[in-house]
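1. Sequence first, predicted coordinates after that:
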Amino acid sequence: MQVAVLISGRGSNLEALINAQNGYQISHVISDNFNAKGIKTAKNHGITNTVINWNNRIEAESMLCELLQEVAADLVVLAGFMRILSTKTLQAVERIINIHPSLLPKYPGLNTHQKVIDNQDKWHGATVHVVNEELDAGLILAQTRFAVDANQNANQLAAELITKEHKLLTTVVGLIAQDKLKWQHQVVYMNEKTCTEPLQINF
Ligand code: GRF
């Protein structure tokens, strides 16, 4: 399975995906940011990459669609990609998923770790979901969670979560590559069985 990864910055999830490549190959890395650290990571691993100037969203997305077709991506993964994609782009891509650092539907958007602390949540975690036109709102595929220690600050929560994100994302992409995890019309299937709850994968 050929996977294209879209990033905007650090690219630590991208690096985890590159290192795992369990049943899939990262065939292309795309960024909206010329200075994204993840682009250097892609280059260091000899993975072809493209930076698209996003000043004109319509032009950028049409370039993105052409590129995804050219590289024949079977799956597109948004890993820290800070843009919302239009319906037209989403319709042109068969499978597109995102990783988000919260237990969705709680806390779409930014500053999720601080929100967990402000609300004195007992649990924090990450979600892999199908991408739709709304921010962090598509069909949930899988989540990982851990108990929050009341003494943890936002940075500590982020540090604990990011290593779990890496494991969750590589596991989920691996399961998709093996055809074990599937979805259709808002229904998720694991090993051909309907999932009534989001898959919990804890590390
Ligand atoms: C991760 O926390 C991811 O869940 C969110 O953006 C962050 C990207 O981190 N969407 P990195 O670029 O993969 O290091």
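-> Structure's in. What do you need? In this text the structure is predicted, and so the values were computed from the model without any measurement.

2. What segments of the protein are helices?
-> Here the chain has its helices, by DSSP state H, at 12-20, 37-44, 57-70, 87-92, 112-118, 154-177.

3. can you tell if stretch 78-96 touches the ligand?
-> Yes - judged by C-beta under 6 Å from any ligand atom, stretch 78-96 and the ligand are in contact via A79, G80. Every C-beta, even on glycine, is put in place using the N, C-alpha and C of the backbone.

4. what about the closest residue to E15 other than its chain neighbours, neighbour count?
-> Leaving aside its sequence neighbours, E15 sits nearest to T41 (C-beta to C-beta, 6 or more residues apart in numbering; 5.2 Å). Neighbourhood size, T41 [other C-beta atoms under 10 Å]: 19.

5. next one: phi and psi at the residue in the chain that the ligand sits nearest to?
-> Of all residues in the chain, the one sitting closest to the ligand is G80 (2.6 Å; C-beta to the nearest ligand atom). The phi/psi pair for G80 (degrees, to the nearest 10) reads phi 80, psi 40.

6. Dump the helices of the chain to JSON lines, plus distance to H124.
-> What follows is those, written out as JSON lines (distance: least, C-beta to C-beta, whole Å):
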{"stretch": "helix 12-20", "distance to H124": "17"}
{"stretch": "helix 37-44", "distance to H124": "24"}
{"stretch": "helix 57-70", "distance to H124": "32"}
{"stretch": "helix 87-92", "distance to H124": "28"}
{"stretch": "helix 112-118", "distance to H124": "5"}
{"stretch": "helix 154-177", "distance to H124": "6"}
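
7. so what's I47 up against?
-> By C-beta atoms under 8 Å, 6 or more residues apart in numbering, I47 lies in contact with I18, I26, S27, H28, V29.

8. Can you tell me how far it is from G11?
-> Distance of I47 to G11, given as C-beta to C-beta, to the nearest Å: 11 Å.

9. which residues are in contact with both of those two?
-> Residues touching both I47 and G11 (C-beta under 8 Å, 6+ apart): V29.

10. Mind checking if stretch 155-167 is in reach of the ligand?
-> Yes - under the criterion of C-beta under 6 Å from any ligand atom, the ligand is reached by stretch 155-167 at I162, E165.
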